[in-house]
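Chemist: what would the 3D arrangement of this be:
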Amino acid sequence: MAATAERFVIDGSENYAVNVCGSTFTANAAGAGALGGAIFRTPDGAMQTTTIDRTAFIGNTAPKGGALYFHNSTLVIKASTLSGNNCRQRWRAVRRRHHSQF
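Modeler: Below you'll find the predicted structure:
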């Protein structure tokens, strides 16, 4: 059975890789001016890797990056579903900024 997670933020000087596996993010909503409806990650120092594996992002919303927002990150997505995510601007499912790799 997949775990269900609430929206989460990884912001600042963390110096480690993050793995998200076997989770479901459904109907999370970022407030006005927020980024990433389900996950927001912006390391301050060196570029960090986030791996998303066998995870579903369904019906999440945010002003930018309906499901995911990454800055200064390497994002790896494997065998995952992104469906029905919305935002007010472009990048309905994933928004990546400056120095990010996908």
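
Chemist: secondary structure class for Val20?
Modeler: strand (DSSP: H, G, I helix; E, B strand; the rest coil).

Chemist: same deal with Asp11?
Modeler: Asp11 - assigned by three-state DSSP - is strand.

Chemist: in this structure it contacts Phe40, no?
Modeler: Yes: with contact defined as CB atoms under 8 Å, Asp11 counts as touching Phe40 (6.8 Å). All C-beta atoms are positioned from the backbone trio N, CA, C, and that covers glycine.

Chemist: same drill for these two, tell me which one is more crowded.
Modeler: Taking other CB atoms under 10 Å, Asp11 and Phe40 do not tie; Phe40 has more neighbours (21 against 11).

Chemist: from one end of stretch 66-85 to the other, what's the distance?
Modeler: 5 Å (CA to CA, to the nearest Å).

Chemist: okay, buried residues for it please.
Modeler: For stretch 66-85, a neighbour-count test (16 or more other CB atoms under 10 Å) marks 66-75, 77, 82, 84-85 as buried.
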